[in-house]
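Novice: Can you look at this prediction? I've put the sequence above it.
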Amino acid sequence: MGFSYFIVAGASCIISVDVTATGAGLLNNVSGELTASSGGPSVSSGKASDVLTVTVDELTLTKTFLDDPAIPGTTADLEFTITNRNRDESATNITFTDDLDATLSGLVAVGLPLSDVCGAGSTLTGSSLLTLTGGNLAAEASCTFTVTLQVPAGAAVGDYVNTTSTIAADVGGEPVIGSPATDTLFVDSVPILTKTFLTNPIGAGDSTSMEFTITNSSTTSAATNIAFTDNLTQFFSGILVTGLPAANYCGPGSFITIGAISGESYLVISGANLAAGASCTFTVDLLTPAGGAAGSYDNITSDITATIDGETKVGDPAEATLQLISSPFLTKRFVDDPVLPGETVQLEFTIANGQEGSTAATDIQFTDDLNGVVSGLTALGLPATDVCGAGSQIAGTTNLTFTGGSLAPAESCTFTVTLQVPANTLPGSYDNITSNTTATVSGYNTIGNAAGDTLEIAGLSFSKSFINDPVLPGGTAALEFTIINESPTNDATSISFVDNLNNVVSGLAATGLPLSDICGAGSQIIGTSSLTFVGGNLTAGSSCTFSVTLNVPAAAASNTYYNVTSNLTANVGGNNVSISPATDQLTISDQLLFLTKTFVDDPVPAGGTVNLSFTLSNLDPSETVTNITFTDDLDAALSGLTAVGLPANDVCGAGSQLSGTSLLTLTGGQLAPSTSCTFVVALQVPAAVPFGTTAINTTSQVTGLAGGLGVTGDPATDDLQVEFLIFEKRFAAPAAATGTAELIFSITNLDSNSVAGVSFLDDLNAMLPGATAVGLPLNDVCGAGSQLTGSSLISLSGGTLGADATCEFSMLVQIPAEAAPGQYLNSTGNLALSGLEAANPATATLTIEPPPLLNKSFIPDSMGVGQTSELTLVIDNRNSALPANGLNVTDNLPAGMVVAQPPNSTTTCFGGTLTAVAGTGTISYTGGGVPAGDICIIQVDVTANNAGIFVNVTGELTSSSGSSGTAMATLTVNNQPTFAKSFTPDELDIDEIATLLFTIDNSSSTVNALDLSFTDNLPTGLTIAPTPNASTTCTGGTITAVSGTDTLSYAGGSVAAGSSCTLMVDVASSVVGDFVNVTEPLLSSLGSSGTATATITFNPLPTIAVAKTAAPSAMPAPGGNVSFTVQVTNTSPIEAVDLISLMDDVYGGLQGQGDCVLPQTIASGMAYICQFTGAVSGTAGQVFTDTVAAIAQDSDGNQAMGQASASVSLFDGTIYLPM
């Protein structure tokens, strides 16, 4: 609030205002500065202040009638608000009553009972007596509820005070009583105005009627001079009134007009009159603008006024909302212009359906008259279908027609039409505007916007630029013109334009003209205040640029000025053309100096001194500014304020001087380009200045010379605060959540007299919710009898200070555990002296340092079963300026993970106890610390005997800096690769080769297995084959397999996670038997995979023995039949053989001879015998021999052969008888 008044000499006056407290406690109210003038300059009388002590119930009830004045026979809403101001305890069993009949006989509530109005289970009941029962509120919570009241029709006009009972509740289990709530119901017979839109919603561009109804609520008296207004511009900019009611529409003399008020369009209703209890209804027809945006448009009238019973009565405004359905929005652009005559150009259309909700737009239409743009401009390649929804089409040649468009909500479409520019089109700019779009949206016909763009036909382009602005008044500006002939074939001649400089700045004039041949032979620019260019000519594809020097008048004001030429005219290819004007802005500015000032050490006591600092800057990057001068009227700011210690020389450049006492004057200042100077002057403050005075000190404008031209700078301003008490505070150090911060206050008396009654308030809770003082009250903190009290609201009272004395005292602030790290501004109230403001509030910033960060990791974070990983906890206190002491954290390892043997537990934290017992599942650290700005670590080895993903979350890390929360890390434990081997084949003959295959399977692991290595010592008799054929699918590594040796090895390889690899080597043996081959363990980065075993059997080759006998073995010549016996014995040690051939060198194949039958299977150690008969002949003395050859084979096809012979002797068969 403010006031302006006069008072005669020797008199006094009192101003009183009723106020309402919106907060509790000691509310310090300080006025602004009182200034007055007795015919001369204004004089300050300082400020006034007082403290209002506001107490508040723990449970409060307020009430208000929302829409009074109420009209007899109508309803009024009564709102209640209940607040539980207890910060810790909830309120239950809340109850009160409100006797409506005692307020106004017949006043009753409607629509009751209401449930849960103030907490679950609460109920508001009654009719003439309202009763709330069962209310409940949490600590610091509130509830608000409304009840509708019926005002009796016969109620007399008047003011009716309504007061509830006291409010009662149980707070924290203890009964609490709160004060009653009061408000006044105003009952009056006022005119009633209502309105509605008869057609609603409507489409953009459509019409509706706005219906008004006026009712005279008085049942006994007529209402005359009824009037109100309706701001149509605020309702819907661009809406048109298309129909008004006839005169006398609401009683004789009633009239309605459309008027302009402050540039806005209004309906003005006046002169209406109604008999007692009568009403009238009338309509105003409206047309919404095409292209209107979709939305809800609120139309609110002014209050309605009327004269009833000789008094002016004021009724509430009427309000109605019109819903507008918009049409899709159309835009267009020529994509690739400027284009040359005879070329084609792409014309792009975009239609966007921005209608909110789920409403689609259909039947979208518009037209575009191309012939109206450029005669002969035609579309190519049309019609085009489905360009904007199925069934849509754009067709036509010189007149485009788009029909059938459809768009889903928030959908848009873009389509392009190719246009042929006639070859004879002259260069220039051609505007193209479509018709308005139309569409059906939500069943409503809508009219949308028309879209436009300019088609640029290339030929000539024309531009201009002030190339050296900003310029000084009195300086020169360089104005550059550029003309380009873009035509590839046509020359441009007779080019001309005019540029009226006097329309830019009065007195702006060209110098150095005329200029000739500047844009083709014979061209010329002439003139002074108006430039005329004629005779320009440019061949096809050429250009010209020329400049004109302009003298800027010295009196030109600093500003930005627009310069626009005439159209440029020319003859291009035999046709006269006109090109749009060239434009640019000329900036004129003399403000090259910048002056600032500040009172360095105020507030200052009356009679003290204060330092006033000035800084002057030269903003020009190239010119030195000289003759800088300004003045500063100190006496005008504060009567009696004077400078001391002047004059001062060379304060702003050699030869400069600051002089004066009550009027400071700087002369002779000079500054090089882009430099500044700063100088300080001491001021004496008059002793009689009232405390609380604020003196506004403003210099004159600063002036100087740059290049001989005058330059200026704006005045500088600062406020001088005159006080006699200095009030300061600070926090001694940062703090942490759960810790304490020392808050130090300092009060200094600058006066030569002692002061008493020093007091202030400091709301810690406003700085940081939950912050409280520790150890209060403190006595005699600022003089005997002073006291510092409070918890969250701190109060100093009774302070005293001697002349020129200071008191400093401190207290501890407890920081709540939930305090977030950051900076918190703590401001006191004003420092008061016997209730009057004596100094501005003191402020300090409390920094809450963050607790250390807790991070954890496993190194490595993936390992094999049974291996060890180093668990590391990092306690990072680098973001804090406080050490974190009392570190305490426990880490319960997940099931399956234990502390390794040995644990190798270490820590770099200082002090504390680290507990990590091998084989257990818990690691703990207690009692340690980490310095400010530092980190420390805790390390323990862990292991796991089962594969899996182990998610390890620590317990909470706590310290003197609060809670750091938990840390999490994941250790993946993988099974080692499986290791297997096999021989292929695993049974073979001793003259065959077998392949030894090793399989390393890492498919169950999530990490690569590195550094694979193993050795296989072959059993005795088994060796590397003559050609080892050693190979592997593992990655890298070296296979060692030397022919003839009994050892092979592999080292340095790897196998990827989730995959397997193999290694192969050929082996042989010359020894029959079974060989069991066991490798040494396979080792890798994931640990030991154990050994692999396989067995191979080498079988002997088949052998047979053949015997043959003859019977008889001797016979007389010439011979006869002999019986031959053949025996084939399987001498193989283990396997049966098949006898497949018996061949006699005399008798041939024995199959079928005698009892010889082939083939025959002969078990090991068994024989096959067969006989056959053959004839033998010869002479006596001969021996007949024949040989049989046998062939047998085993199951593998290996063959064994043998042979045997039998002989028959022939002897002389003559019988010699004895003689």
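Specialist: Perfect, I can see it now.
Novice: what's around the nearest residue to Gly1037 once chain neighbours are set aside, how many residues?
Specialist: Once flanking residues are discounted, Gly1037 sits nearest to Gly1053: 2.5 Å by C-beta to C-beta, 6 or more residues apart in numbering. Every C-beta, even on glycine, is put in place using the N, C-alpha and C of the backbone. As a burial measure, Gly1053 scores 23 neighbours (other C-beta atoms under 10 Å).
Novice: Same check on Glu480?
Specialist: For Glu480, the neighbour count with other C-beta under 10 Å is 15.
Novice: Can you name every helix or strand that the one helix or strand it maps to contacts?
Specialist: Per DSSP states H and E, Glu480 falls inside strand 476-485. Applying 3 or more C-beta pairs under 8 Å, 6 or more residues apart in numbering; DSSP states H and E, we find strand 476-485 packed against strand 460-466, strand 492-500, strand 530-538, strand 543-551.
Novice: Low-confidence ranges, the chain, go.
Specialist: For the chain, applying pLDDT under 70 flags the ranges 1-6, 8, 10, 18, 20-33, 35-56, 355-358, 691-692, 1213-1219.
Novice: Which residue ranges of it form helices?
Specialist: In the chain, the helices defined using DSSP state H lie at 100-103, 232-235, 634-637, 764-767.
Novice: residues of the first one that come out buried?
Specialist: Judged by neighbour count using 16 or more other C-beta atoms under 10 Å, the buried positions of helix 100-103 are Leu100, Thr103.
Novice: what does the third one give?
Specialist: Buried residues in helix 634-637, counted by 16+ other C-beta under 10 Å: Leu634, Ala636, Ala637.
Novice: ok, those vs Ala141, which is closest?
Specialist: Closest approach between the buried residues of helix 634-637 and Ala141, by C-beta to C-beta: Ala637, at 52.0 Å.
Novice: Any figure for the gap between that closest one and Asn697?
Specialist: 4 Å (C-beta to C-beta, to the nearest Å).
Novice: so what's in contact with those two at the same time?
Specialist: Both Ala637 and Asn697 are contacted by Leu720, under the criterion C-beta atoms under 8 Å, 6 or more residues apart in numbering.
Novice: so the residue nearest to Gly1037 sits right up against Gly1036, yeah?
Specialist: Yes - using C-beta atoms under 8 Å, Gly1053 is in contact with Gly1036, at 5.1 Å.
Novice: Who's the closest spatial neighbour of Gly295, skipping the chain neighbours?
Specialist: Among residues not flanking Gly295 along the chain, Leu324 sits closest, at 6.1 Å (C-beta to C-beta, 6+ apart).
Novice: residues contacting the one you found?
Specialist: Contacts of Leu324 by C-beta under 8 Å, 6+ apart are Pro201, Ile202, Gly203, Ala204, Phe236, Thr288, Gly292, Ala293, Ala294, Gly295, Ser296, Tyr297.
Novice: Contact partners for the third one?
Specialist: By that I understand Gly203. Leu324, Ile325, Ser326, Ser327, Val441, Tyr444, Asn445, Thr446, Ile447.
Novice: any idea where the strands of the stretch 101-250 of the chain begin and end?
Specialist: Listed in chain order, the strands of the stretch 101-250 of the chain (DSSP state E, counting those that start in this stretch) span 108-110, 114-115, 123-125, 129-137, 142-150, 158-163, 167-171, 174-178, 182-187, 191-197, 202-203, 207-216, 223-231, 240-243.
Novice: what's the nearest residue to Thr667 if we skip its chain neighbours?
Specialist: The shortest distance from Thr667 to any non-neighbouring residue, by C-beta to C-beta, 6+ apart, is to Thr629 (5.1 Å).
Novice: so how far is Gly829 from the one you found?
Specialist: According to C-beta to C-beta, Thr629 stands 45 Å off from Gly829.
Novice: List the contacts of Ile1140.
Specialist: Leu1158, Pro1159, Ile1191, Ala1192, Gln1193.
Novice: Which one (most neighbours) among those?
Specialist: If you rank the contacts of Ile1140 by neighbour count (other C-beta under 10 Å), Ala1192 sits at the top with 27 neighbours.
Novice: Setting aside sequence neighbours, what's the nearest residue to that residue?
Specialist: Using C-beta to C-beta, 6+ apart, the nearest residue to Ala1192 is Val1137, at 4.1 Å.
Novice: In contact with the one you found, which residues are there?
Specialist: So Val1137 contacts Pro1102, Ile1104, Asn1130, Thr1161, Ile1162, Ala1192, Gln1193, Asp1194, Ala1200 (C-beta under 8 Å, 6+ apart).
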